[in-house]
Structure formats: C-alpha cells, structure tokens
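[1] Here is a sequence together with a model predicted from it:
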Amino acid sequence: MFGRFKVRPDTEAGQHGVWDAASNGWRGRGLPEAAAHQLAAELELQYDAHGPRDAATVRHLEAPQVVDRATWEPGGLLDAWVFSRRDGEWIGRVRRPDGTITWLRSTELRIHQPPTG
C-alpha cells in the first residue's frame with residue numbers, strides 16, 4: 001500500500017493531521033499543513049501496509065538532486081527512494097519548490113539538465 005498516510009483536516013484541533021489508512025487512526029494531529037505533509041512523507045518511507053519497510057527497500061540520497069518530471073518540466077528535489085513490492089518498481093520522494101511532497105515512479109524522473117547556451 002503506497003499512500004498509506006494521508007493529510008486530513010483535523011476539525012477538533014483546528015489544523016491538520018496524518019491519517020493512517022492501514023490502522024484506521026491518526027498518526028499525528030494538531031499540525032500545520034506543511035508539518036503534516038512532512039510527517040506523512042517520513043511515515044511513507046518507514047512503513048508499508050504490512051508494517052515497517054525492509055531497509056533494503058528504502059534509499060536516502062546523500063544530497064537531494066534536482067529532477068525533471070516525465071513532462072520534462074522541473075519537478076523538485078529528489079531525496080529518497082522506496083521500492084514498491086506490489087508494482088516492482090522504485091518510487092521517488094520529490095519535494096516541490098512550494099514545500100509539498102509528491103511520489104513519482106522512477107520512469108517519470110530524470111536528473112535535471114539546465115539549459116545550455
């Protein structure tokens with residue numbers, strides 16, 4: 001299960017929280033939206049639908065790399081990979097310039113090549 005952790009409005013706390021779809025409960029509450037997205041992204045690296053991820057299925061980059069998306073437009077900074085056993089492929093965690101996080105298949109990414117000339 002990729003996308004196990006979802007950021008949702010937390011009406012009781014008046015901010016945002018991280019919902020765990022596998023355990024059907026909150027993993028964090030009363031957070032600013034950006035902090036909730038950060039927590040959800042970190043939890044996605046640590047857990048899959050069955051529990052903790054095998055360390056061999058997660059790779060952190062020493063230095064985040066600027067990448068382009070498959071439309072070959074700037075995508076953001078790639079800072080980690082997770083192997084999806086279900087799909088048999090690597091999924092990259094990409095931080096967009098506005099701070100939001102997106103998960104993209106390896107086939108949808110390439111190292112950014114600045115224009116020459």
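    Yep, that arrived.

[2] what's the domain layout of the chain?
    With domains defined by automatic domain parsing, the chain comprises 1-51, 54-112.

[3] Centre of the chain to the first one, how far?
    Okay, so that is domain 1-51. Domain 1-51 has its C-alpha centroid displaced from the chain centroid by 11 Å (Cα atoms, centre = their mean, to the nearest Å).

[4] Same check on the longest one?
    Computed by Cα atoms, centre = their mean, the separation of domain 54-112 from the middle of its chain amounts to 8 Å.

[5] What average pLDDT does that domain get?
    Averaging pLDDT along domain 54-112 yields 89.

[6] Kindly check the end-to-end length of it for me.
    29 Å (Cα to Cα, to the nearest Å).

[7] picking up where we left off before, could the domains of the chain be laid out in TSV, adding mean neighbour count?
    C-betas here are computed from N, CA, C, even on glycine. Compiled in TSV, those are given as follows (neighbours: other Cβ atoms under 10 Å):
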stretch	mean neighbour count
domain 1-51	16
domain 54-112	14
